[in-house]
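[1] Predicted model, plus sequence, below.
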Amino acid sequence: MGELLAQGRVAAVGPVNDPAGPYGIGIVLAEDMADAEAVRDADPAIQSRHGFVTEIAPMVRLVTPAGSFDAPGFSR
């Protein structure tokens, strides 16, 4: 993830301490679903033998202090 953070392709990543059970979340700036899947597939945590699973849910719009990012193909 360090390289993706340096490239500005990851907006946020980290663990979530949910009382129902811990998990992690990552917000990736991807061109399309295939790009998001490629980032996921290259993640060392996913490649490990720990059995981590993922869900990819596109965000229509992401607003950060650095600016706003609209999902490709989405018009407001």
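    Happy to help now that I have it. Numbers count the residues shown, from 1 in each chain.
[2] For residue 58, what are phi and psi?
    Phi and psi for residue 58, reported as degrees, to the nearest 10, are phi -60, psi 140.
[3] going forward, begin numbering at 54 instead of 1
    Sure, I'll start numbering at 54, so the last one becomes residue 111.
[4] Mind pulling up the pLDDT for it?
    On pLDDT, residue 111 comes in at 88.
[5] these two touch, right, residue 93 and residue 106?
    No: if you go by C-beta atoms under 8 Å, residue 93 and residue 106 don't touch, sitting 10.3 Å apart. Every C-beta, even on glycine, is put in place using the N, C-alpha and C of the backbone.
[6] next SSE after the helix or strand where residue 77 lies?
    According to DSSP states H and E, residue 77 maps onto strand 76-81. Next helix or strand after strand 76-81 toward the C-terminus (DSSP H and E): helix 86-95.
[7] Residue 114 is in contact with residue 121, correct?
    Yes: under the criterion of C-beta under 8 Å, residue 121 makes contact with residue 114 at 6.4 Å.
[8] so which helix or strand takes in residue 115?
    Counting by DSSP H and E, residue 115 is found in strand 114-117.
[9] for this protein, which spans come out with low pLDDT?
    Low-confidence segments of the chain (pLDDT under 70): 54, 126-129.
[10] so what's residue 63 closest to, chain neighbours aside?
    Nearest residue to residue 63 in three dimensions, chain neighbours excluded: residue 57, at 4.4 Å (C-beta to C-beta, 6 or more residues apart in numbering).
[11] Confirm that that neighbour sits in a strand.
    No: Residue 57: not assigned to a strand; according to DSSP: H, G, I helix; E, B strand; the rest coil it is helix.
[12] so who does it touch?
    63, 81, 92 (C-beta atoms under 8 Å, 6 or more residues apart in numbering).
[13] Contact partners for the first one?
    In other words, residue 63. 54, 57, 79, 80, 81, 82, 92.
[14] Residue 116 too?
    residue 122.
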